[in-house]
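Novice: got a predicted structure plus its sequence, pasted below:
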Amino acid sequence: MTTRKTTGNVVLWVLQILVVAAFLMVAYSKLSADPDAVGIFDRIGLGRWFMYAVGGIEVAGALGLLVPRLCGLAALGLAVLLIGAIVTQLSLDGPLSAIVPAVYLVPVAVIAWCRRGRTRELLSRKPATVRA
């Protein structure tokens with residue numbers, strides 16, 4: 001049984017690294033103000049600040065996937081971001097434009113589900129008390 005757990009953990013880390021690479025690439029297009037990304041965010045109507053904010057969130061989420069203690073929470077955050085992207089794309093262009101964020105959502109949701117124990121542990125910790 002330990003071998004199965006170890007193999008599953010290795011497969012999950014490989015998936016996480018692939019997702020990290022994908023998110024860093026899409027974040028780069030936003031943070032470098034790629035004309036395609038600018039066009040999409042102009043159509044959303046929230047300005048370039050929102051494009052840069054989403055790119056920053058994508059970088060933070062990708063880096064969080066590399067930290068064992070944070071990887072479950074990072075995947076959960078990226079899943080929420082992707083759900084927002086799906087809803088936005090559906091409202092702007094219809095179902096076909098939502099395919100890309102929906103495809104990204106699948107491995108992110110798998111990671112969030114498989115790492116839910118880490119997320120639960122992280123969120124259940126009591127904050128340290130500060131003594132004066």
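Specialist: On my side now, so go ahead.

Novice: in what helix or strand does the residue nearest to Gly47 when sequence neighbours are not counted lie?
Specialist: Excluding the flanking residues, the one nearest Gly47 by C-beta to C-beta, 6 or more residues apart in numbering is Phe41, at 7.4 Å. From N, CA and C alone the C-beta is placed, and that goes for glycine too. Phe41 is part of helix 35-44 when elements are defined by DSSP states H and E.

Novice: helices along the protein, start to end?
Specialist: Along the chain, the segments classed as helices by DSSP state H run 2-31, 35-44, 48-64, 71-92, 99-114, 116-124.

Novice: what's stretch 30-43 in contact with?
Specialist: Residues from elsewhere that reach stretch 30-43 (C-beta atoms under 8 Å, 6 or more residues apart in numbering): 28-29, 47-48, 50-52, 54-56, 58-59, 92.

Novice: in it, what's buried?
Specialist: Neighbour counts over stretch 30-43 (16 or more other C-beta atoms under 10 Å) mark 30-31, 37, 40-41 as buried.

Novice: circling back: pull the most distant pair out of the contacts of stretch 30-43.
Specialist: Using C-beta to C-beta, the contacts of stretch 30-43 reach their maximum pairwise distance at Val59 and Leu92, which is 23.7 Å.
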